[in-house]
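Asks: here you go, sequence then predicted model.
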Amino acid sequence: MTVSEDAAARPRRPTRPWAARLRDLHASLAPFVLLPLLLTVSSGVGYRLLRDWGGLDRQASHVLMVLHEGEWLRRWLGPTGETLYVLLNGLGLLWMLATGAALAWRRLRRQLERGAP
């Protein structure tokens, strides 16, 4: 039996719609993106509020900038740890925004086509 005959003999799995595959990819990446984004947002907002309204000086609130910028990764990943953190955080955010927007747009279009609110 040749390779092409073997492939023809096997039952083919039905391909899933692109939206289902996109939703699965979106959901599988979300846990890995959530914690770094929460850390970045909370430390960035905390830094600004504590500096402006809390009256803390730059030195007292420096630990929040260390968290915000990913400097804490230097211990394990060296000088590139900070850059990787920022890059992956940004790419993760863009991925989640793009896939979430695509899925939301698809749902909105289907609802409008049905005439549902």
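Replies: Looks like it came in fine. Residues are numbered from 1 along each chain as shown.

Asks: every contact and neighbour count from this point should use C-alpha atoms.
Replies: Noted.

Asks: dihedrals phi and psi, the residue most central in space within the chain?
Replies: Centroid-nearest residue in the chain, with CA atoms, centre = their mean: G92, separated by 3.1 Å. Main-chain dihedrals, G92, degrees, to the nearest 10: phi -60, psi -40.

Asks: I'd like the numbering to begin with 19 instead of 1 from here.
Replies: Right, with 19 as the first residue, what we last looked at is G110.

Asks: that one and R66, how far apart?
Replies: 23 Å (CA to CA, to the nearest Å).

Asks: before we move on, the earlier item: OK, contacts around the residue nearest to the centre of the chain?
Replies: V51 (CA atoms under 8 Å, 6 or more residues apart in numbering).

Asks: for it, give its distance to R125.
Replies: According to CA to CA, G110 stands 22 Å off from R125.

Asks: same deal with E89?
Replies: Counting by CA to CA, the gap from E89 to R125 is 40 Å.

Asks: out of those two, which sits in the busier spot?
Replies: In terms of neighbours (other CA atoms under 10 Å), E89 is the more surrounded of E89 and R125; the figures are 20 against 13.

Asks: which non-adjacent residue is nearest that one?
Replies: Of all residues not flanking E89 in the chain, E100 sits nearest, at 5.2 Å (CA to CA, 6 or more residues apart in numbering).

Asks: how much space separates that neighbour from L109?
Replies: Counting by CA to CA - E100 and L109 are separated by 14 Å.

Asks: same drill for those two, tell me which one is more crowded.
Replies: E100 (19 against 13).

Asks: now the helices: where do they sit in this protein?
Replies: Taking DSSP state H as the criterion, the chain carries its helices at 21-27, 36-70, 80-87, 92-95, 98-132.

Asks: rebuild those helices as JSON lines, extending it with mean pLDDT.
Replies: As requested, the helices of the chain are exported to JSON lines (pLDDT from 0 to 100):
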{"stretch": "helix 21-27", "mean pLDDT": "63"}
{"stretch": "helix 36-70", "mean pLDDT": "94"}
{"stretch": "helix 80-87", "mean pLDDT": "94"}
{"stretch": "helix 92-95", "mean pLDDT": "92"}
{"stretch": "helix 98-132", "mean pLDDT": "93"}
